[in-house]
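Undergrad: take this sequence and fold it.
(one chain, ligands or ions: 1)
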Amino acid sequence: MASVTLQNLTKAYAGGTLKAVDNVSIEVQDGEFLVLVGPSGCGKSTALRMIAGLEEITDGAVWIGDQFVNDVHPKDRDIAMVFQSYALYPHMSVYDNIAFPLQIARMPKDEIDKRVAEAARVLELEAYLKRRPGQLSGGQRQRVAMGRAIVRKPSVFLMDEPLSNLDAKLRVQMRAEIASLQYRLGVTTIYVTHDQVEAMTMGHRVALLKDGVLQQIDTPSNIYNKPVNTFVAAFIGAPTMNLYWATLEGQGDGLGVRLGSHLVKMPAQVRAEHPGLGRYAGKRIIVGIRPEDITEADDSQAGTADCITAEVGLVEALGSDVIVHLGIDAQAADIRSSDSLDEIKVEEGKSRCVARFTAKSSVRLGQTVTVRLDTSRMHYFDGETGLTILD
Ligand code: ADP
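TA: Next comes the predicted model:
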């Protein structure tokens, strides 16, 4: 096993205006499961391919353990890759597909037998070793591809969207299988995905890229709760965080957030945690609030300083909870537009606000409701840079 260090890693393709990977530095710990995530085209695969040695490095360095590997051939890097297309050989048995890299390396037959048996046991493929890939389900094929990676006992696994060919249910199952396999084997793993749910559920840490630039690298919980900028805030979480233009008004105990015609009071605890907000008095900022931090207010709460009125648009009852699309009097800060959201009508002059209510909610389309914002969990961003206002 080994750590993987990316030092100012950069890739410029000929003819590209932006760098595909731009000065990325990451230290992946020995045994860590790191997820590289970001929208399509942000440079994830290019970064992974440079680590694998399949793409030339324009600038910067890759270290595997204490070995500088920029010029080391892929097959000498002690890595194993798993791709989205499993690249299994259709005419070969499952056994031979798994054994293939060991046969190429001319490993003694009894050692190959031992390793394939071990991989088949770990991946629950023992009953299928004689079958051809065509006689397996999608999930089993994906496990064979994993088997081929693990028999080599590499220092590092590199996985590029390995689950994207599977249907939704199987993806959820394989997500858990890969995470538990990585936990058991303890092999340093770098996993590329565009799916923020995979990022949040699988890795020890998540590295989020945008236009080749590393935005944030942290635990899933910190990425979710303490996004460094509006891009990370909007990318992670589904439904996405609501973001609005706002102005800070008043001072001290009277400090509040002006959201459209509402003045939402800021709790003392928030002011204490973000003393820097004082510098933004009178200035435009962006505030963010996650759907689960917006609840239906009861009668006793209506009219208090953290409640606002909203028009109910679409109601999506999911069983476990209810996603409610509201129209509120505020100006949305559109960081990431989503086609599907745009189709949902919001009353003229209002901005969309998505809330997650409990399953008990009985709100209906067209109703006017009072909602309560959990102001202790609001996010505050600089209106010009989009960076979070931390201190
Ligand atoms: P991701 O994996 O995040 O979807 P990629 O790493 O595949 O992104 O691509 C990053 C950027 O580099 C994109 O703008 C893409 O168009 C560009 N790119 C990828 N491969 C090549 C190539 N072989 N030649 C030129 N540009 C490329």
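Undergrad: beta partners for R258?
TA: T247, L263 (DSSP bridges).
Undergrad: number the chain from 48, please
TA: OK, 48 is where the count begins now, so the last one is R305.
Undergrad: that one reaches L295, doesn't it?
TA: Yes - contact status for R305 versus L295: in contact at 7.4 Å, counting by Cβ atoms under 8 Å. To be clear about C-beta, it is placed using only N, CA and C from the backbone, and glycine gets the same treatment.
Undergrad: of those two, who's got more company?
TA: L295 (22 against 19; other Cβ atoms under 10 Å).
Undergrad: hang on, isn't that one packed against L324?
TA: Yes - with contact defined as Cβ under 8 Å, L295 counts as touching L324 (6.4 Å).
Undergrad: now for the two: what residues contact both?
TA: Shared contacts of L295 and L324 (Cβ atoms under 8 Å, 6 or more residues apart in numbering): L302.
Undergrad: the lengthiest helix in the chain: what's the following helix or strand?
TA: Determined from DSSP state H, the single longest helix within the chain is helix 215-232. Moving toward the C-terminus from helix 215-232, the next helix or strand (DSSP states H and E) is strand 235-240.
Undergrad: buried stuff in the following helix or strand past that following strand?
TA: Per DSSP H and E, the first helix or strand lying C-terminal to strand 235-240 is helix 243-249. By 16 or more other Cβ atoms under 10 Å, the buried positions in helix 243-249 come out as 243, 245-247, 249.
Undergrad: for helix 243-249, what is the distance to the chain centroid?
TA: Mean-position distance between helix 243-249 and its chain equals 5 Å (Cα atoms, centre = their mean, to the nearest Å).
Undergrad: could you check the angle strand 235-240 makes with the next helix or strand after it?
TA: Sequence-wise, the next helix or strand downstream of helix 243-249 (DSSP H and E) is strand 252-257. Here the directions of strand 252-257 and strand 235-240 differ by 40 degrees (axes from the mean of the first three to the mean of the last three Cα atoms, to 10 degrees).
Undergrad: which strands border strand 252-257, and is each parallel or antiparallel?
TA: strand 80-84 (parallel), strand 260-265 (antiparallel).
Undergrad: may I see the buried residues of the next helix-or-strand element following the longest one?
TA: In the C-terminal direction, the helix or strand that comes right after strand 260-265 (DSSP H and E) is helix 267-272. If you call a residue buried by 16+ other Cβ under 10 Å, then helix 267-272 has these buried ones: 267, 270-271.
Undergrad: likewise for stretch 329-340?
TA: 332-338, 340.
Undergrad: what about the helices in the stretch 248-397 of the chain?
TA: Counting by DSSP state H, counting those that start in this stretch, the stretch 248-397 of the chain has helices at residues 267-272, 277-282, 315-320, 386-389.
Undergrad: still on that earlier bit, what mean pLDDT does the longest helix of the chain have?
TA: The pLDDT scores in helix 215-232 average 88.
Undergrad: which helices and strands sit right next to it?
TA: strand 80-84, helix 156-169, helix 185-197, helix 243-249 (3 or more Cβ pairs under 8 Å, 6 or more residues apart in numbering; DSSP states H and E).
Undergrad: most tightly packed of those?
TA: strand 80-84 (a mean of 25; mean count of other Cβ atoms under 10 Å).
Undergrad: ok, is it in contact with the ligand or not?
TA: No - using Cβ under 6 Å from any ligand atom, we find that strand 80-84 stays clear of the ligand, coming within 8.2 Å at best.
Undergrad: output that strand as PDB, nothing but the C-alphas.
TA: Written as PDB, here are the backbone C-alpha positions of strand 80-84 (Å, rounded to 0.1, in the frame of the first residue of the first chain):
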ATOM      1  CA  PHE A  80     -10.500   6.300  -0.100                       C
ATOM      2  CA  LEU A  81     -10.600   9.600  -1.900                       C
ATOM      3  CA  VAL A  82     -13.400  10.600  -4.300                       C
ATOM      4  CA  LEU A  83     -12.700  13.000  -7.100                       C
ATOM      5  CA  VAL A  84     -16.000  14.600  -8.000                       C
END
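Undergrad: angle of that strand against helix 215-232?
TA: 140 degrees.
Undergrad: could you point out which element follows strand 80-84?
TA: With DSSP H and E, the next secondary element past strand 80-84 is helix 91-99.
Undergrad: what's around Q54, how many residues?
TA: Q54 is flanked by 16 other residues according to other Cβ under 10 Å.
Undergrad: got the contact list for it?
TA: 72, 107-110.
Undergrad: could you dump the helices and strands packed on helix 215-232 to a markdown table with mean pLDDT?
TA: Listed next are the helices and strands packed on helix 215-232 as a markdown table, based on pLDDT from 0 to 100:
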| stretch | mean pLDDT |
| --- | --- |
| strand 80-84 | 98 |
| helix 156-169 | 93 |
| helix 185-197 | 89 |
| helix 243-249 | 94 |
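Undergrad: poorly predicted segments of this protein, please.
TA: 133, 350, 382-395 (pLDDT under 70).
Undergrad: spell out which residues of it are next to the ligand.
TA: 60, 63, 67, 85, 87-93.
Undergrad: where's A344 relative to the ligand, distance?
TA: Distance, A344 to the ligand, by Cβ to the nearest ligand atom, to the nearest Å: 42 Å.
Undergrad: follow-up on the earlier one: of the buried residues of stretch 329-340, which pair is most distant in space?
TA: I332 and P338 (20.4 Å; Cβ to Cβ).
Undergrad: Q76 reaches S50, doesn't it?
TA: Yes - at 5.7 Å, Q76 counts as touching S50 under the criterion of Cβ under 8 Å.
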